[in-house]
Structure formats: structure tokens, C-alpha cells
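Novice: please find the sequence and the predicted model below.
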Amino acid sequence: MIVNRDTTLTLLTGILIGASGGWLVKPGIPARTGTEPGSARTETKRTTRQDAVALQKSRDATRWAERIDKDGVVDVVKEIPTGDIRAVLEKMMASMWAGRDDRRVNQLMSLTGTWAERDPEGALAWARGRDVPGQRQIALTGVLLVVGKTDPMAGFEIYTEVGEEHVPISSERLSDLMRDVYELAQEKGLDALLDIVRRTPETKGSLEMVHVAYPDGFDFAN
């Protein structure tokens with residue numbers, strides 16, 4: 001096709017090639033659509049690799065969970081890499097509700113506590129994100145017992161997030177923590193102590209006793 005020099009063309013996909021006496025319009029190369037074959041292969045490899053990593057993590061979590069059931073959590077938990085603890089917890093929690101018992105609850109709290117010792121922010125964020133109330137309670141308790149060892153009041157603040165009790169938890173460490181919290185609050189005065197009592201989650205079948213020592217000459221009217 002020959003086009004005069006003075007003709008104005010708007011080309012969308014064509015290519016203009018100079019020729020004697022005019023311009024030759026060469027049909028354009030169709031635009032590429034979709035994903036390039038090389039990109040598709042790369043994406044497929046990436047997805048396959050991610051699937052393989054996820055499968056290996058799941059297998060590792062199962063292996064750790066089986067070892068905990070067989071050998072106990074105290075020794076095994078020391079060997080679990082920090083990056084694997086979340087997967088192990090989720091694996092164990094997913095299978096616990098059919099036959100929940102104190103042994104499994106204590107295993108989960110111990111495992112969560114180990115994570116909190118290594119990565120308190122990560123463990124706490126994960127615990128807060130549990131959708132199942134009982135799982136959330138167990139996870140938060142595991143974290144707060146670790147935090148409370150060095151900062152009882154910080155541990156108590158996490159305890160207030162537990163809310164209604166869904167899983168009966170018998171823990172001497174929790175009782176010791178609350179005694180420390182009450183003593184610290186009492187040092188600050190009656191109002192602080194009453195605030196702690198008011199915000200302490202209620203537990204089924206247990207009662208925390210608070211002993212208040214009033215100084216001589218205390219004005220009970222105020």
C-alpha cells in the first residue's frame with residue numbers, strides 16, 4: 001500500500017517504513033497478550049517450591065507433636081526451632097478438642113511459653129489471633145506466665161484479655177503470679193487493689209482470697 005507524503009495517518013499497530021515517493025505501511029505485529037511462557041514456568045516453579053516447603057513444615061509439625069506425646073513436652077520443646085513452634089501448636093490444637101485433658105492443655109501452655117521466651121511479641125500476637133476461645137485462653141495463659149515472671153503487672157494485663165473461662169486451667173504459677181500482683185497493687189493503695197480484683201477474670205470452681213492489711217488509724221469512711 002502506497003500513501004502520499006501529505007496524508008496523515010494514525011497507526012495503532014502498524015509500522016511506517018520510508019520508501020521512494022511515499023511511505024509504505026507494513027502490517028503491525030500483534031501485541032503480546034497473556035503471560036509469557038517463561039514467566040508462567042517461573043511462577044509454576046515458585047508455587048511448586050512453596051507447596052513443597054508447606055508440606056515439609058506440616059510433616060515436621062506432625063513429627064514434633066508425636067514426639068511430645070511420646071517423650072513429654074519438657075525435653076522435646078528445647079529442640080524445636082522457633083520458626084516451627086507455631087505450626088506445631090496449630091497441629092496439636094487442631095486435634096485436641098475431641099479428647100481435651102489437662103495433660104494436653106499443659107503441653108500447649110508450655111510450648112506457647114517457650115515461644116514467648118524466644119519471641120514474646122510474636123507469641124502474643126499469635127495468641128491474640130486465635131479464633132477458638134479455648135485455644136486463645138490456653139495460648140494467652142502460656143504467654144502471660146512467661147511475661148509475668150519478670151513483670152507481674154504486664155502478665156496480669158495479658159490475663160485480663162482472657163475473658164470468660166472456657167478451659168479449666170489449674171496452675172500454681174498463675175496463682176503465684178496473682179499473689180504478686182495483689183501485693184504490688186496493695187502497696188499502691190486500696191483503689192489500686194480493688195481495680196485489680198475487679199479486672200481479674202472469673203474462674204469456675206475457684207476463689208482468690210485477698211488479704212488487706214489496713215494501717216492503724218485508717219479512715220474507713222473515706
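Specialist: Alright, I've got the coordinates. Numbering: from 1, shown residues only.
Novice: residue 203 falls within a helix, correct?
Specialist: No. Counting by DSSP: H, G, I helix; E, B strand; the rest coil, residue 203 is not found in a helix; it is coil.
Novice: that one contacts residue 165, correct?
Specialist: Yes. In terms of C-beta atoms under 8 Å, residue 203 counts as a neighbour of residue 165; the distance is 5.1 Å. For glycine as for every other residue, the C-beta is placed from the backbone atoms N, C-alpha and C.
Novice: what is in contact with these two at once?
Specialist: Common contacts of residue 203 and residue 165 (C-beta atoms under 8 Å, 6 or more residues apart in numbering): none found.
Novice: which helix or strand contains the closest residue to residue 186 other than its chain neighbours?
Specialist: Excluding the flanking residues, the one nearest residue 186 by C-beta to C-beta, 6 or more residues apart in numbering is residue 193, at 5.0 Å. Secondary structure assigned from DSSP states H and E places residue 193 in helix 190-199.
Novice: list the buried residues in that helix.
Specialist: Within helix 190-199, the residues that count as buried by 16 or more other C-beta atoms under 10 Å are 193, 196.
Novice: show me what the helix or strand hosting residue 76 is packed against.
Specialist: Element membership for residue 76 (DSSP H and E) is helix 73-76. In terms of contacts (3 or more C-beta pairs under 8 Å, 6 or more residues apart in numbering; DSSP states H and E), helix 73-76 is packed against helix 37-71, helix 102-118.
Novice: look up how far residue 163 lies from the closest residue to residue 124 other than its chain neighbours.
Specialist: Once flanking residues are discounted, residue 124 sits nearest to residue 143: 5.1 Å by C-beta to C-beta, 6+ apart. Going from residue 143 to residue 163 by C-beta to C-beta, to the nearest Å gives 15 Å.
Novice: same check, this time on residue 68
Specialist: Counting by C-beta to C-beta, the gap from residue 68 to residue 163 is 28 Å.
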